[in-house]
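Trainee: predicted structure and sequence below. I'll ask about it afterward.
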Amino acid sequence: MEPSLLPIDILDAQQGFPEALAACKDLDGLMRLKGVYIGREGSHSARLMELLKAASKERKRELGGAINVLKNAWEEALKARQSELEAARRQLATFGNTWDPDLPPPIPARGAMHPLNQLIDRLVDVFRPLGYHVEEGPEIETEAHNFDGLNIPADHPARGSADTFYFEKYPELLLRTHTSPVQVRTLLRLAPHIQEKGGIRFLAPGRVYRKDEIDPTHSPMFHQVEGMLVGHDIGMHHLKGTLAYAMKALFGPAAEVRFRPSYFPFVEPGCEVDVRCPLCGGSGCRVCKQSGWVELLGAGLVHPNVLAYAGIDSNIWSGFAFGMGVERIAMMVSQTPDLRLFFENDQRFLKTMGGLD
Ligand code: DAH
């Protein structure tokens with residue numbers, strides 16, 4: 001480009017352009033500079049166009065080329081600076097104008113243990129000092145473990161496809177309906193060592209499945225914690241003492257426990273265990289349906305047939321077992337009226353459960 005083609009003030013403007021551009025610290029300033037250099041009227045570009053119009057035919061080509069180079073350079077540089085300033089503005093909107101590059105970055109909310117798992121851990125912690133370890137079993141179970149080994153007769157209604165999820169292609173398999181099959185599995189596995197160990201005791205937390213319609217107190221998937229102890233001369237007094245201790249550890253030293261006779265095929269005798277309503281203290285409220293008591297567990301002394309199925313001699317060994325619904329206890333201790341809240345993962349709810357920081 002021949003410098004002499006362009007007037008001196010344009011050459012000055014061209015020379016000052018990089019500095020003027022760098023001096024634009026915000027979008028307003030940039031817009032003003034844009035107006036000065038490439039605006040429609042009164043800008044350096046506009047003046048160059050006028051010069052071009054007025055130029056003689058011979059000069060037009062050369063002058064036009066020079067003007068184009070200049071205008072394109074200005075346009076591109078202005079555009080690049082605009083993107084930079086826009087990015088800076090977005091950053092400001094995100095971090096606020098107190099953003100200080102020397103400070104550590106904002107820490108996003110951290111996830112934490114789900115309230116149901118927190119409660120399961122608490123239960124495990126209550127029983128661990130009593131010598132209970134944790135056992136697990138599969139959620140896809142066999143009929144043998146879920147029913148047969150537990151002395152549940154072939155014609156028991158719970159075995160029906162109205163209550164239990166079966167697999168079309170594998171008729172002997174099902175989604176376990178309770179954690180009690182872990183009793184069968186653990187007894188079978190530990191039976192050969194029972195003598196040297198002097199007995200068996202464990203807790204088995206996990207998911208269970210039933211064909212229930214979803215409502216505030218039912219879900220087709222929920223959690224149970226199973227417990228079992230096998231030893232010598234185990235009686236109801238051992239069961240009562242253990243569960244009274246556990247409920248006091250869970251609900252506080254004032255917790256009161258009540259045992260009612262009940263029936264489960266895998267225990268004899270069987271019972272249901274209530275605690276004095278932790279919400280109203282027994283005076284009657286919505287949670288305890290005005291009765292002052294809430295049912296927490298099924299329990300009993302292990303049926304001889306259950307021991308026999310695992311090859312354990314019930315003349316030598318006896319035991320107790322219990323099973324509790326985790327959601328039910330969680331609803332009570334947290335005064336949550338709707339079980340579905342535990343499965344919806346709404347952080348506003350989980351936060352109130354101490355489930356998030
Ligand atoms: N499996 C029973 C249920 O799901 C609960 C239960 C009752 C477990 C008595 C036990 C027991 O271990 O002894 O309803």
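Mentor: Sure thing, it's come through.
Trainee: spatially nearest residue to whatever residue of the stretch 101-250 of the chain ends up closest to the ligand, not counting backbone neighbours?
Mentor: Across the stretch 101-250 of the chain, the shortest distance to the ligand (CB to the nearest ligand atom) belongs to residue 178, at 3.4 Å. C-beta here means a position set from N, CA and C on the backbone, and glycine is covered the same way. Leaving aside its chain neighbours, residue 178 sits nearest to residue 208 (5.3 Å; criterion: CB to CB, 6 or more residues apart in numbering).
Trainee: in three-state terms, how would the one you found be classified?
Mentor: strand (DSSP: H, G, I helix; E, B strand; the rest coil).
Trainee: enumerate every residue touching it.
Mentor: Residues near residue 208 by CB atoms under 8 Å, 6 or more residues apart in numbering: 139, 175-179, 221-224.
Trainee: which members of these occur in strands, if any?
Mentor: Mapping those onto strands (DSSP state E) picks out 175, 221-224.
Trainee: these also near the ligand: which ones?
Mentor: With CB under 6 Å from any ligand atom as the criterion, the ones in strands among the contacts of residue 208 include none near the ligand.
Trainee: now the residues you listed in TSV, with distance to residue 49, neighbour count and pLDDT?
Mentor: Shown next, in TSV, are the ones in strands among the contacts of residue 208 (distance: CB to CB, whole Å; neighbours: other CB atoms under 10 Å; pLDDT from 0 to 100):
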residue	distance to residue 49	neighbour count	pLDDT
175	79	20	98
221	74	15	97
222	78	19	97
223	78	22	98
224	83	24	98
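Trainee: quick check: the residue of the stretch 101-250 of the chain closest to the ligand touching residue 223?
Mentor: No: using CB atoms under 8 Å, residue 178 makes no contact with residue 223, being 10.8 Å away.
Trainee: report all helices and strands that the host helix or strand of residue 68 contacts.
Mentor: Using DSSP states H and E, residue 68 sits within helix 57-95. For helix 57-95, the packing partners by 3 or more CB pairs under 8 Å, 6 or more residues apart in numbering; DSSP states H and E come out as helix 8-22, helix 27-38, helix 44-54.
Trainee: hmm, who's touching the shortest one?
Mentor: This means helix 44-54. 6-7, 10, 13, 36-40, 60, 63-64, 67, 70-71, 74.
Trainee: for PyMOL, what selects the buried ones among those?
Mentor: PyMOL command restricting these to the buried ones, with burial defined by 16 or more other CB atoms under 10 Å:
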select buried, resi 6+10+13+36+37+38+63+67+70+71+74
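Trainee: and the contacts of helix 44-54, which two are the farthest apart?
Mentor: By the measure CB to CB, 36 and 60 form the most distant pair in the contacts of helix 44-54, at 25.2 Å.
Trainee: burial measure for residue 80, as a count.
Mentor: Using other CB atoms under 10 Å, residue 80 has 11 other residues around it.
Trainee: roughly how far apart are it and the ligand?
Mentor: Taking CB to the nearest ligand atom, to the nearest Å as the measure, residue 80 falls 69 Å from the ligand.
Trainee: quick check: residues of this protein near the ligand?
Mentor: Residues of the chain lying close to the ligand by CB under 6 Å from any ligand atom are 178, 180, 226, 264, 267, 298-300, 321-323.
Trainee: doesn't residue 308 make contact with residue 188?
Mentor: No: between residue 188 and residue 308 there is no contact under CB under 8 Å: 11.7 Å.
Trainee: need the helix or strand of this protein with the lowest average pLDDT.
Mentor: helix 347-352 (a mean of 85; mean pLDDT, DSSP states H and E).
Trainee: no further questions, thank you.
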